[in-house]
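Visitor: take this sequence and fold it.
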Amino acid sequence: MLTDPSGLFDLTGRKAVVTGGAGALGSQSAMALAGAGALVAVVDLDPGPVARVAQEIQDGGGTALGLAADLTDESEVARVFAAVTDSFGGVDILVNAIAAPVPRAAPELFTLENWQATLTSDLTSFFLCSRAAATQMIAAGRGGSIVNFSSIAGVSALGRGNMAYAVAKSGICQLTREMAFAWAADNIRVNAILPCQFTNSWWAGIIADSAHKPLVDRVLSGIPLGRLGAPSEIRGPVVFLASDAASMVTGVMLPVDGGNLATNAGASLSM
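Guide: Numbering: from 1, shown residues only. Reported below is the predicted structural model:
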């Protein structure tokens, strides 16, 4: 349990849903919310990793529910939120952290199939889950918090075949703004986190392969802190945005990027 003398970050008794909850950042988000006292539903596509994250939360003294679901399917989303209501009695916090595999190709070579699959996984699922959560929050009348995982790719170009992914992440930013405005009267805050590159299994493989050193060097050159993010470093921003510490914060895109978005592409320390 987190030490929080002020109580601002205390989530005791609140009900949270974390989509993409078995991923590198989603699992850290779920464990952070549980550590702050929330009851957490961990939702992802593969039941094995979902069960492992839920068990880790329970082993740490928290309360967790593991649910495997395809959140691009409207009926599956309805099933998940019905199960959360049955188990927890509602939802106060939603963290949308889905991170589907990213097909990469130059824009002129990108297939319609991959375009549609990327937008469905990385944008439509956010809409469906946010709509379901907000519907419950509005009915309960006690407000809530939605935290969307966008990316630095949502506000700046990365290249390297990331077009569809970047468009989806940009859509998440505008989805966040529109929902923050629409639901403000219901005291539902909607914010987004914009991470830079964080260590995960994909990046671990890239870093371990010396053939990819130019790519790693290029990425690190765009992060003033000089390193990739560690997954545990996402915990604080998620708990902040989910908690009463951010009670006057909505519609915000919060970079968690080691200074990437603060830096002009042509910047240097030398004259």
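
Visitor: from here on, just use CA atoms for contacts and neighbour counts.
Guide: Noted.

Visitor: who touches the lengthiest strand in the chain?
Guide: For the chain, the strand with the greatest residue count under DSSP state E is strand 188-195. If you take C-alpha atoms under 8 Å, 6 or more residues apart in numbering as the criterion, strand 188-195 is touched by 134, 137, 143-152, 154, 172-173, 176-177, 179-180, 183, 237, 241, 247, 249-257.

Visitor: parallel or antiparallel, which strands does that strand pair with?
Guide: Sheet pairing of strand 188-195 (DSSP bridges) gives strand 144-149 (parallel), strand 253-256 (parallel).

Visitor: of the ones you listed, which stretch is the most buried?
Guide: Compared across the strands paired with strand 188-195, strand 144-149 shows the largest average neighbour count, a mean of 27 (mean count of other C-alpha atoms under 10 Å).

Visitor: for the worst-scoring helix or strand of the chain on mean pLDDT, enumerate the helices and strands it packs against.
Guide: Each helix and strand of the chain was given a mean pLDDT (mean pLDDT, DSSP states H and E); the minimum falls on helix 201-208 at a mean of 88. The contact analysis (3 or more C-alpha pairs under 8 Å, 6 or more residues apart in numbering; DSSP states H and E) places helix 201-208 against helix 213-221.

Visitor: and the helix or strand following the helix it packs on with strand 144-149, angle?
Guide: Sequence order places helix 235-242 as the next helix or strand after helix 213-221, per DSSP states H and E. With axes from the mean of the first three to the mean of the last three C-alpha atoms, to 10 degrees as the basis, helix 235-242 and strand 144-149 are set at 140 degrees to each other.

Visitor: check which residues of helix 235-242 are buried.
Guide: Within helix 235-242, the residues scored as buried using 16 or more other C-alpha atoms under 10 Å are 235, 237-242.

Visitor: got a list of contacts for the least confident helix or strand of the chain?
Guide: 212-213, 216.

Visitor: which parts of the longest helix along the chain are buried?
Guide: Scanning the chain for the longest helix, with DSSP state H as the assignment, gives helix 163-183. For helix 163-183, the neighbour count (16+ other C-alpha under 10 Å) marks 163-173, 175-177, 179-180, 183 as buried.

Visitor: swap in stretch 192-202?
Guide: Those would be 192-200, for stretch 192-202 by 16+ other C-alpha under 10 Å.

Visitor: nearest to Lys15 among the residues you listed?
Guide: Relative to Lys15, the closest of the buried residues of stretch 192-202 is Ala192; by C-alpha to C-alpha it sits at 19.2 Å.

Visitor: Leu94 and Val18: what is the separation?
Guide: Computed as C-alpha to C-alpha, to the nearest Å, the Leu94 to Val18 distance reads 6 Å.

Visitor: more neighbours: which of those two?
Guide: Val18 (28 against 25; other C-alpha atoms under 10 Å).

Visitor: doesn't that one belong to a strand?
Guide: Yes: assessed with DSSP: H, G, I helix; E, B strand; the rest coil, Val18 lies in a strand.
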